[in-house]
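Q: Predicted model and sequence below, questions to follow.
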Amino acid sequence: MKDRRSVDDLSIDELQRVLAEKKRAAREARLAKYRETGRALPAIGTGPDFRLNEARPAPAPRSLVRRLFDIFLLVVEVGAVVGLIYVFYNGANILQRLNEDAAQVIAEGVPTPVPTPLVTAVVLPSGHTPPDPTTGETRPNDAEIPENLRPLVQSFPAPVIPTQGPTQAVQIVIPAIDVNAPVVQGDGWEQLKKGVAQHLGTPDPGQPGNIVLSAHNDIFGQIFRRLDELAPGDEVQLHTASQMVVYVITGAKVVEPTEVSVMAPTAHPSLTLISCYPYLVDDQRIVVFADLKTP
């Protein structure tokens, strides 16, 4: 029979029982709703100590293909780890060998540089045929070039003449033989018409290496007409845009036009002067050597 007493007539214990009953009814209603929608498992028993059905379906056994695929992935991962270890190990060995090689080079010392001979020069510059006694006409003396090397010389492209730089020689003065002439870059036929010609690739005044200068002795101003009169101790002044560099004559010799070794670079600052020889014959060269004057 339903209790029709009001809340005020109930004791505390009776109120607690009513509240507990309402909570249980509400909980069972929620579970019933969850079971209908599949959000809860069926309960075993009722009451405050009921528990969910702990039974779970057994997992399906993995197929052979899946097991093989898992093994393959494992092998790949192991291989990747081994490869990474090898890369680090090999890199460490390479770095160690490089350090050992560098230490050996330092211990042995830096080798002394050896001058490299000029390979583009087949004959010495300033060569020409003797001027015609009547007309004074002359031309480059191609007969000086060895016959087997003429195709090579003809294949050489025309040199590109650079613009005169501020550190390059622009004037040469040789007081002992009254020479005072401009210096131009390049020692081709056209450049030798303009003054004393510097062989391309040779250094600036005062710098280590061999400055090679040439001029004619009996045409285009006869600038080096008296080159054979120079003696050891005579001075050669090379002027740049900002300074004068002085060289001192050390010696001279007469050579064949093919003696291009006199143009070879040197480890110290040096100067080489070249002209045709003898006067009005021009079948040889006179070469004068000089070194930088020391304070």
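A: Yes, it's here.
Q: Do you have the helices of the protein handy? List them.
A: 12-36, 64-108, 150-155, 189-192 (DSSP state H).
Q: In a markdown table, list the ones you listed along with mean neighbour count, mean pLDDT and distance to Gly136.
A: Using the backbone N, CA and C atoms, a C-beta is placed for each residue, glycine as well. Converted to a markdown table, these look like this (neighbours: other Cβ atoms under 10 Å; pLDDT from 0 to 100; distance: least, Cβ to Cβ, whole Å):
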| stretch | mean neighbour count | mean pLDDT | distance to Gly136 |
| --- | --- | --- | --- |
| helix 12-36 | 11 | 80 | 124 |
| helix 64-108 | 10 | 85 | 61 |
| helix 150-155 | 10 | 80 | 26 |
| helix 189-192 | 17 | 94 | 16 |
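Q: Nearest to Glu256, out of those?
A: helix 150-155 (16.4 Å; Cβ to Cβ).
Q: circling back to that earlier point, could the helices of the chain go into JSON lines alongside distance to Gln237?
A: As requested, these are exported to JSON lines (distance: least, Cβ to Cβ, whole Å):
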{"stretch": "helix 12-36", "distance to Gln237": "111"}
{"stretch": "helix 64-108", "distance to Gln237": "42"}
{"stretch": "helix 150-155", "distance to Gln237": "34"}
{"stretch": "helix 189-192", "distance to Gln237": "21"}
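Q: So Asp187 sits against Ser126, correct?
A: Yes. Using Cβ atoms under 8 Å, Asp187 and Ser126 qualify as a contacting pair, with a distance of 7.1 Å.
Q: So for the two, which residue has more residues nearby?
A: Under the neighbour definition other Cβ atoms under 10 Å, Asp187 and Ser126 were set side by side, and Ser126 has more, 28 against 23.
Q: and the more buried one, what does it touch?
A: Listed by Cβ atoms under 8 Å, 6 or more residues apart in numbering, the contact partners of Ser126 are 187, 192, 197, 214-217, 224, 274-276, 285.
Q: Not including adjacent chain positions, what is the nearest residue to it?
A: Of all residues not flanking Ser126 in the chain, Ser214 sits nearest, at 4.3 Å (Cβ to Cβ, 6 or more residues apart in numbering).
Q: measure the one you found to Val87 for me?
A: According to Cβ to Cβ, to the nearest Å, Ser214 stands 60 Å off from Val87.
Q: burial of Thr135, as a residue count?
A: Count around Thr135 with other Cβ under 10 Å applied: 7.
Q: Model confidence for it, exactly?
A: Thr135 carries a pLDDT score of 87 in this model.
Q: Can we start the residue count at 19 from this point?
A: All right, first residue 19 from here; so that's Thr153.
Q: now the strands: where do they sit in the protein?
A: 61-62, 69-70, 189-192, 197-203, 214-216, 227-232, 253-257, 262-273, 287-295, 302-310 (DSSP state E).
Q: By mean pLDDT, show me the worst of these.
A: Among these, strand 69-70 scores lowest, at a mean of 49.
Q: Which residue ranges make up the domains of the protein?
A: As given by automatic domain parsing, the domain ranges for the chain are 25-70, 160-166+185-310.
Q: Could you work out the end-to-end span of the longest one for me?
A: According to Cα to Cα, to the nearest Å, domain 160-166+185-310 extends 34 Å from its N-terminal end residue to its C-terminal end residue.
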